[in-house]
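Engineer: Fold the following.
(chains A and B)
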Amino acid sequence: MDRDRAALNRLPRWLVPALAALPVMGLGVFFAWPLGTLLARVVRPSSVVDALRTPGLGGVLWFTLWQAVASTVLTLVAGFAPAYLLARYRFAGRRALMALVTVPFMLPTVVVGAAFLALLPQSWHGTGRAVVLAHVFFNIAVVVRLVGALWAVLPADLTAAARTLGAARAQVLRHVVLPLLRPALWAAATVVFLFTFTAFGTVRLLGGAANPTLEVEIARRATQLGDVDGAAVLSVLQLVALATVVWWSSRWQRRAAVPFDAPVGARRARSRNERRLLLFGAGATAAVMATPLLVMVSRSFRLGGAWSLRGWRTLSTAEVRPGLSLGVDPLASLTASLRFALVAATVAVVAGGLAAFAITSAHRHGRWLDVGLMLPLGTSAVTIGLGLLITFDSAPFDWRAEWWLIPVGHALVATPFVVRALLPVLRSIPADQRAAAAVLGASPLRAWWAIDVRRLAGPLLGSAGLAAAISLGEFGATTFLTRAGRDTMPIAIARLLARTGEVPRAQGFALATVLLVATATVIVLADRRGVLDVGRA
Amino acid sequence: MSVVRRSRRRSIRRPIAVGLALALVATIAACGDDSSPSTDPAAITLVAYDSFPKADTPLNEALAEFTANTGIAVSVVSAGDTGTMVTKAALTAGNPEGDVMWGVDNTWLSAALDGTIFDGDPAQVDFGDVCLNYDIAWFAERSLAPPATLDDLLLPEYADLLVVQNPGSSSPGLAFLLATVAEYGPDGWQSYWTALRDNGVEVVDSWDIAYYERFSGAAGSDGPKPLVVSYASSPPAEVLFADPPRNDAPTGVVPATCFRQVEYAGVLRGTDHPTEAGQLLEFLQSQRFQQELPLTLFVYPIDPATPLPDAFTQFSVIADNPYTVEPAVIAANREQWQDQWTEIVLR
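Structural biologist: So this is what the prediction gives:
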């Protein structure tokens, strides 16, 4: 009987390779090949020994690991309640709150990090705990969105049944909700771990000089010492460590995935207690997330110790004052960034969407692609940048300083998020829906299209928005590419903030505010069709 | 039942989706058109660090004049900070990303001089000093004279007042370390830094954190430290970019602490346009181009005959005897000095 049903639903053999072809090729051309070329070119056996003997490497590894573990655990804990509220309740300002929680993750750390630093007490400056706290703030979006996406489709009747059978709230949470959420919890933990293990900006801003991570050390070797082979060796060390973690955790994400039917989605708060809980939870989340952003925005209005619009008045021209120009045209960088974001989102959604379908359709072997697509997140941006530089350096493939390398780089970063957003939803589609379609006469391909693809329409649009937002705020990968033409917004902001003088600085924060608004708008638009409403399909 | 009904509705929408996809592809293709590289033989590329403007400044106007006079079009590309730019140049030596490179300074020069990166010798194009900056008002309020030398920084009255950058990650941080190496010798700077650490020097990772978050002198900043490592051109920039405009600088420079960074430009080995590249290199040294440097890059023109803007002569000084260290000595010791410094100051 089981075998018959499987046969009925068997998809054509060519489907998985056909789906996987594009993402695999992209990953090969823009990640594996450049990285391989760089390693082959610079690494000698002696450089491995030298790099591993670097004085203080043990300390660097230890700091990298403990802050990543601590940050991941604390981010999961802190993100749990907001994830619940945003996934299960419908209330005024829900989308705005979701955008507020998401924006810090998307904005370049250089920008929000400085405001965050200003809020910390003196004794926290340059400490590991400041880094961990900042990581919770920046990455809480990952937990809220990934866990929330699954929580939104958990059937309420399961918990209701458990309550009816006499389970206490804590028991329901432990024995029903947590096991069902496990795939999303693992997915979120993996992403946060990847991001915090490879942290660069937060560590440089808040950790002080005494606490480098492996990523900071790699960048120092490549850009301050000219020691590319040492950087490449350390970057492989980092990649192997993270690939192991991702491989191991992807097992858990799959194993724990349970399909269920008839999601109920969010509802309004009913009792007074619920309303109070909602008000308090949403209010506290909004206050914590908004404060550093408000500090950042307020800096764009502060000049000479007074309130002023000066930083905003010249945003549309590169001239800071008549005859004085630093060559940064703030609003032109907005146009450039939006253009890059459109391309990056398209590439990321096509590649990520195809990959997500391939991963779920391929069952066991899908893990290879899943893990492979995560690897760029665990690879030092400087290594990929230098790899691209020496791989595509002769006609007709002289791609150096090509404008489209920037959105392709952004898409490398955004694609795993598209996949992460889609996988739990795809895996939660019950097989018997496909069986029902088959019984009603649909071919397996037709059933796959009608059920899997259709269910994904909303999340796909939502993840396109996420990818666009990631592209808008992307800084790390962009800086290591050689760039012609207009600066992206984060680069323009960094250039303004790196100059002496009040007006450029205020202008930098004004442009950061524009970036904040642009990113938040994209997120709100994306959430109209995205994860928030998946349950209502 | 519902599955089949919904899927039919979907299939009606499919042409719309295909149409949208095609429109998007067309948009992306259109995006590419205006950026495709020119194959004109008289078009060359200037590779520079990130703060060199690609458009919209008097520097670019000067480059446009060069194009008008010679027919050689110049496009500027950003290659990262100076260290990243030099690393990239070393990796692509012989098959460079452009034709001329701007901005290799003497802390990097040795790596660029082993004969693989440049065709011929690079030329000096500008200089800038990294010096101690102080908050004028802070010292005036306390009737305390600001420190005048590196030695002064060890005095108890200047305890806990100084913030510097990590030489492992910041260019001015490295310059300041090199100033102490030049003053106290390759075997003496370690004990100076031990004493400086004991006198409460604060270390941060980057110039902007030091200057804007920790230093008290930057206009609008409420940082706690009245002494910072910054540039000789910082006080003029404070005046030029102040709002409302001001006639005096909030910060001053201590000339006896300055380390001189000299920047070079050169023709990249392997260029397809050596003649045009040579012409551009010559133009970069001309007074027409040099006179625009102070107010755009906030560095000093290499030719002392080039007139300086008023703000530069009024609010800054050019140190008479700045510290320097030979590029080859820097290259040979950079990593070891950084590691030693980390051991002494941070551990």
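Engineer: so who does A:L107 touch?
Structural biologist: A:473, A:512, A:515-516, A:519 (Cβ atoms under 8 Å, 6 or more residues apart in numbering or on different chains). For every residue, glycine as well, the C-beta is placed using N, CA and C.
Engineer: let's go with 7 Å and repeat that
Structural biologist: By Cβ atoms under 7 Å, 6 or more residues apart in numbering or on different chains, the residues touching A:L107 are A:473, A:515-516, A:519.
Engineer: try A:L158
Structural biologist: A:V176.
Engineer: As CSV, the contacts of A:L107 with pLDDT would be great.
Structural biologist: Formatted as CSV, the contacts of A:L107 follow (pLDDT from 0 to 100):
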residue, pLDDT
A:G473, 92
A:L515, 95
A:L516, 95
A:T519, 94
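Engineer: is it true that B:P186 lies in a helix?
Structural biologist: No - the assignment for B:P186, made by DSSP: H, G, I helix; E, B strand; the rest coil, is coil rather than a helix.
Engineer: ok, back up a step: for the contacts of A:L107, work out which two are farthest apart.
Structural biologist: A:G473 and A:L516 (9.2 Å; Cβ to Cβ).
Engineer: Next, count neighbours for B:Q336.
Structural biologist: 10 (other Cβ atoms under 10 Å in any protein chain shown).
Engineer: The residue nearest to A:R434 when sequence neighbours are not counted is in what secondary structure piece?
Structural biologist: Closest residue to A:R434 apart from its sequence neighbours, by Cβ to Cβ, 6 or more residues apart in numbering or on different chains: A:A447 at 4.8 Å. Secondary structure from DSSP states H and E places A:A447 in helix A:444-448.
Engineer: before we move on, back to that, and A:G473 and A:L516? which has more neighbours close in?
Structural biologist: Using other Cβ under 10 Å, the more surrounded residue of A:G473 and A:L516 is A:G473, with 26 against 23.
Engineer: Would you confirm that A:F193 contacts A:L74?
Structural biologist: No - contact criterion Cβ atoms under 7 Å: A:F193 and A:L74 do not qualify, at 12.0 Å.
Engineer: which of these two has more neighbours?
Structural biologist: Shown here are A:F193 and A:L74; by other Cβ under 10 Å, A:F193 has more neighbours (23 against 17).
Engineer: what's the closest non-adjacent residue to that one?
Structural biologist: Nearest to A:F193 is A:T72, by Cβ to Cβ, 6+ apart, at 4.7 Å.
Engineer: From chain B, how far off is A:A141?
Structural biologist: Using Cβ to the nearest Cβ, to the nearest Å, A:A141 is found at 25 Å from chain B.
Engineer: Could you list which residues are in contact with the closest residue to that residue other than its chain neighbours?
Structural biologist: In this structure, A:A141 finds its nearest non-sequential neighbour in A:F105, 3.8 Å apart by Cβ to Cβ, 6+ apart. Contacts for A:F105 (Cβ under 7 Å, 6+ apart) come out as A:138-139, A:141-142.
Engineer: Just put those in JSON lines and tack on neighbour count, secondary structure and pLDDT.
Structural biologist: Output for the contacts of A:F105, formatted as JSON lines (neighbours: other Cβ atoms under 10 Å in any protein chain shown; DSSP: H, G, I helix; E, B strand; the rest coil; pLDDT from 0 to 100):
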{"residue": "A:F138", "neighbour count": "26", "secondary structure": "helix", "pLDDT": "95"}
{"residue": "A:N139", "neighbour count": "28", "secondary structure": "helix", "pLDDT": "95"}
{"residue": "A:A141", "neighbour count": "29", "secondary structure": "helix", "pLDDT": "94"}
{"residue": "A:V142", "neighbour count": "25", "secondary structure": "helix", "pLDDT": "92"}
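Engineer: could you dump those to CSV with distance to A:Y89?
Structural biologist: Formatted as CSV, the contacts of A:F105 follow (distance: Cβ to Cβ, whole Å):
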residue, distance to A:Y89
A:F138, 25
A:N139, 23
A:A141, 18
A:V142, 20
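Engineer: Tell me the one among those nearest to chain B.
Structural biologist: The shortest approach to chain B among the contacts of A:F105 belongs to A:F138, at 17.2 Å (Cβ to the nearest Cβ).
Engineer: So that closest one is in contact with A:V103, correct?
Structural biologist: No - the pair A:F138 / A:V103 is not scored as a contact, 10.1 Å apart, by Cβ under 7 Å.
Engineer: quick one on the thing from earlier: isn't the residue nearest to A:R434 right next to A:A437, touching?
Structural biologist: Yes - the criterion here is Cβ under 7 Å, and A:A447 meets it with A:A437 at 3.8 Å.
Engineer: Wait, a strand at B:V125?
Structural biologist: Yes - according to three-state DSSP, the state of B:V125 is that of a strand.
Engineer: Backbone torsions only: list them for the residue nearest to it when sequence neighbours are not counted.
Structural biologist: Spatial nearest neighbour of B:V125, excluding adjacent residues (Cβ to Cβ, 6+ apart): B:A265 at 4.7 Å. Main-chain dihedrals, B:A265, degrees, to the nearest 10: phi -130, psi 150.
Engineer: Does A:G378 touch A:F195 like I think?
Structural biologist: No - applying Cβ under 7 Å as the test, A:G378 and A:F195 come out as separate, 9.3 Å apart.
Engineer: more neighbours, the two?
Structural biologist: Between A:G378 and A:F195, A:G378 has the larger neighbour count (other Cβ under 10 Å), namely 24 against 21.
Engineer: Now do the same contact list for the more buried one.
Structural biologist: A:194, A:198, A:238-239, A:242-243.
Engineer: from the residues you listed, which two are the most distant?
Structural biologist: Using Cβ to Cβ, the two most remote members of those are A:T198 and A:A243, lying 12.5 Å apart.
Engineer: Out of the two, name the residue with the larger neighbour count.
Structural biologist: Of the pair A:T198 and A:A243, A:T198 is the one with more neighbours under other Cβ under 10 Å, namely 25 against 16.
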